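# any chance you can model this:
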Amino acid sequence: MKAILILVDSVCRRFLNCYGSKEPAITPNLDRLAKKGTVFDNHWCGSSPCMPARRDLMTGRLNFLEKPWGGIEPFDQPLPKMLGTKGVFSHIVTDHYHYIRIGGENYLNAFSTYELIRGQEKDPWKLHPRADGSFAARPADYVGSFSPAHEDNMRMFSTEETYPTPTTMRHAADWLEQNGDSDNFFLWVEGFDPHEPFDVPQQYLDLYADEEAVSTDEPNYWPPYAPNTFTEEQTRHLRVRYKALLSMTDAYIGRIFDVLDRKGMWDDTMVIFTTDHGYMLGEHGYWSKNYMPAYNEVFHLPLLIWHPRARIKRFAGLTQNIDLYPTLLNLFGVDPGLLRHPISGKNLLPVLFGETEKVRDELIYGYYGKSVNYFDGRYTYFRAAAEENNRPLYVYTAMPATSGKYYGIDSIAKENYGRIGFGHLGYTDYPVYRIPADIIGITSSSGGFGPRSKDNAESRLFDLSTDYAQEHPLSDPSIESHCIEGLVRCMLYHNAPAEQFIRLGL
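Below is the predicted model:
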């Protein structure tokens with residue numbers, strides 16, 4: 001058996017035809033996979049954003065209750081390593097440059113082989129100083145976020161095929177051409193697009209020309225991590241750019257499917273398509289992710305799976321990103337006795353084979369240090385920190401690094417080193433650092449661990465059966481009590497540190 005995981009960053013299910021989109025992107029290849037395989041209607045992220053979601057996928061456990069962005073831990077048993085116990089060869093091709101930044105340690109090294117395509121977002125690949133030592137300057141009329149590294153990187157992409165995500169998909173297709181006749185391999189294909197910045201060749205923007213009543217001439221392709229202050233025209237322009245970038249990504253995913261067709265690989269290959277998280281494109285007045293409440297736009301995900309023996313075309317039960325870990329272990333017959341620690345994901349093969357109609361009754365999800373969020377298939381409940389100081393809160397890790405920073409001289413004052421202690425997580429005896437969040441000097445609204453923000457100040461309850469857009473919070477003590485009971489039950493199941501219950505007033 002063979003397996004391919006296509007992980008595409010920041011895909012919003014609300015733009016996909018297979019989920020009944022009211023404003024669909026042009027994605028004929030994902031439409032093709034949805035028609036061929038199984039569509040999961042109730043699939044959810046566990047931990048967000050990028051690296052927390054990847055650790056969920058790699059370990060079958062939730063990351064966000066114990067730490068924020070960070071590397072694979074020394075006590076983790078990453079998916080490719082576990083597949084290797086059955087002789088499975090694993091390869092990853094990706095343009096997600098965060099794997100080689102501080103806070104992305106040990107993900108790539110878990111694979112038998114890996115290939116990294118450079119040049120996305122703020123990747124310091126071709127960044128260079130000008131004659132006076134300065135870097136590319138922000139244009140006077142520029143709207144949104146700006147990166148000198150991105151400006152310099154983009155000069156390297158002369159055609160659409162040389163853009164990083166098209167290159168990634170092309171190289172994955174080439175790898176399959178060369179190795180598709182082999183057996184017992186796992187290919188992880190990972191495209192950074194349609195993650196911002198929404199820099200895309202004109203021909204893909206032209207696909208959506210009828211959706212832009214007003215075309216903006218000002219440079220405007222990179223939404224900030226901030227509330228939406230753009231005009232209606234600018235907002236529409238950015239949404240079109242996002243969809244155009246998704247269309248380009250889909251076009252090159254088609255290169256992979258073409259190889260599967262040509263080599264007759266569908267008969268013995270499992271193909272999974274999903275994303276790490278979604279993205280806010282002006283909904284609820286927000287751009288991007290991380291700092292706002294955990295709305296469906298970010299946490300309700302697409303999941304499409306092809307298995308040659310699958311009998312079910314759509315599945316309505318609750319599933320989560322952590323479920324892909326045990327699913328792939330079971331696909332390749334990995335001995336579960338080799339797992340040193342419990343996992344919380346569920347095997348999805350019985351779903352595909354029509355052997356079960358339910359995987360779980362409830363689930364939780366969220367960002368580290370913000371609300372912890374519960375869903376039972378009908379009600380979503382965002383549980384906010386009880387106190388404005390958002391404490392007690394600790395980071396648990398044996399790999400003391402987060403996005404671009406170590407938990408050391410660049411984020412913790414030396415007089416606070418003595419407050420760093422050791423502790424244990426509920427599922428392993430391996431000792432970890434226990435770092436008080438209040439000594440970590442990372443204060444951004446996106447990735448900081450500071451006081452409870454105004455965007456996350458209140459607990460909120462929604463009935464998705466009547467209010468999927470989450471625009472009308474409920475005030476019903478009995479339903480809230482039901483959700484609190486479920487939230488506590490799930491947190492216990494996932495071995496949440498004890499102080500998380502105190503932080504949430506539970």
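# what are the phi and psi values at Gly395?
Quick fix: residue 395 reads Val, not Gly. phi -100, psi 130 (degrees, to the nearest 10).
# ok, now Leu487?
Backbone geometry at Leu487, expressed as degrees, to the nearest 10, gives phi -60, psi -50.
# Glu471 versus the residue lying closest to it once chain neighbours are set aside, what's the distance?
Distance criterion CB to CB, 6 or more residues apart in numbering; nearest residue to Leu487, sequence neighbours excluded, is Tyr374 at 4.2 Å. Bear in mind the C-beta positions are built from the backbone N, C-alpha and C, glycine included. According to CB to CB, to the nearest Å, Tyr374 stands 19 Å off from Glu471.
# helix or strand right after the longest helix anywhere in the chain?
Longest helix in the chain by number of residues (criterion: DSSP state H): helix 232-262. Moving toward the C-terminus from helix 232-262, the next helix or strand (DSSP states H and E) is strand 269-274.
# distance between that next one and the chain's centre?
Distance of strand 269-274 from the chain centroid (CA atoms, centre = their mean, to the nearest Å) equals 16 Å.
# bridge partners for the residue nearest to Leu487, pull those for me.
With DSSP bridges applied, Tyr374 shows beta-bridge pairing to Ile364, Tyr381.
# Glu485 is in contact with that one, correct?
No: using CB atoms under 8 Å as the test, Tyr374 is too far from Glu485 to be in contact (9.5 Å).
# which one of those two is surrounded by more residues?
Per other CB atoms under 10 Å, whichever of Tyr374 and Glu485 has more neighbours is Tyr374, with 26 against 12.
# ok, that one - contacts?
The neighbourhood of Tyr374, defined by CB atoms under 8 Å, 6 or more residues apart in numbering, consists of Glu362, Leu363, Ile364, Thr380, Tyr381, Arg383, Cys483, Gly486, Leu487, Cys490.
# hmm, try it at 6 Å
By CB atoms under 6 Å, 6 or more residues apart in numbering, Tyr374 lies in contact with Ile364, Tyr381, Cys483, Gly486, Leu487.
# roughly how far apart are it and Asn390?
Between Tyr374 and Asn390 the computed distance is 19 Å (CB to CB).
# now swap in Arg101 and tell me
26 Å.
# go on, Lys313?
Lys313 is 44 Å from Asn390, by CB to CB.
# list the residues that contact the residue nearest in space to the middle of the chain.
In the chain, the residue lying closest to the centroid (CA atoms, centre = their mean) is Asp276, at 2.0 Å. By CB under 6 Å, 6+ apart, the residues touching Asp276 are Asp9, Cys50, Ala53.
# and the last one, what's its pLDDT?
What it means is Ala53. Looking at Ala53, its pLDDT is 98.
# and it, how many neighbours does it have?
Counted by other CB under 10 Å, the residues lying close to Ala53 total 25.
# quick one, phi/psi of it?
phi -70, psi -40.
# ok, for it, nearest residue in space, not its chain neighbours?
Leaving aside its sequence neighbours, Ala53 sits nearest to Asp276 (CB to CB, 6+ apart; 3.8 Å).
# next, the contact list for Lys67, please.
Counting by CB under 6 Å, 6+ apart, Lys67 touches Val395, Tyr396, Thr397.
# nearest to Ser446, of the residues you listed?
Checking the contacts of Lys67 against Ser446 with CB to CB, the nearest one is Val395 at 16.4 Å.
# what's around that closest one, how many residues?
Other residues near Val395 come to 23 when the count uses other CB under 10 Å.
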